[in-house]
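Novice: from the sequence below, what's the structure:
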Amino acid sequence: MSKSKLTGWILSVLLAVFLGTGMAGKPVLELAGELLGASGGLRGLMDQHTRQLAQLPGVGPAKAARLDRKSTRLNSSHVALSRMPS
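Specialist: Numbering: from 1, shown residues only. Next up, the predicted model:
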């Protein structure tokens with residue numbers, strides 16, 4: 001697995017943990033991957049305001065607030081992963 005695919009998978013797993021649950025018919029890991037893809041990655045997702053996050057399919061106000069609180073940890077993880085040796 002390439003470094004970029006591994007990093008993307010790890011970020012999806014971390015986001016899935018912070019989301020906690022998926023939505024009807026969509027497991028949380030799949031939802032996390034779709035959110036990252038639709039937002040252009042973690043930075044794009046975390047740059048959105050809580051109100052914008054809450055409007056994304058499968059997120060809602062509670063998950064948006066949780067993501068807002070966890071954004072520092074997610075961003076730190078992203079920085080650490082980007083520094084992984086190839």
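
Novice: would you mind measuring from residue 49 to residue 71?
Specialist: Here residue 49 is placed at a distance of 11 Å from residue 71 (Cβ to Cβ, to the nearest Å). The C-beta positions use only the backbone N, C-alpha and C, and glycine is treated the same way.

Novice: that should have said residue 41, apologies.
Specialist: 13 Å.

Novice: more crowded one of those two?
Specialist: residue 71 (18 against 15; other Cβ atoms under 10 Å).

Novice: got a pLDDT number for the residue most central in space within the chain?
Specialist: Closest to where the C-alpha atoms of the chain average out (Cα atoms, centre = their mean) is residue 15, at 3.7 Å. pLDDT, residue 15: 91.

Novice: test my guess that it contacts residue 37.
Specialist: No. Using Cβ atoms under 8 Å, residue 15 is not in contact with residue 37, being 11.2 Å away.

Novice: quick one, what contacts residue 70?
Specialist: residue 18 (Cβ atoms under 8 Å, 6 or more residues apart in numbering).

Novice: wait, a helix at it?
Specialist: Yes. Under DSSP: H, G, I helix; E, B strand; the rest coil, residue 70 sits within a helix.

Novice: where's it relative to residue 49, distance?
Specialist: Residue 70 is 15 Å from residue 49, by Cβ to Cβ.

Novice: next: residue 36.
Specialist: Residue 36 sits at a distance of 17 Å from residue 49 (criterion: Cβ to Cβ).
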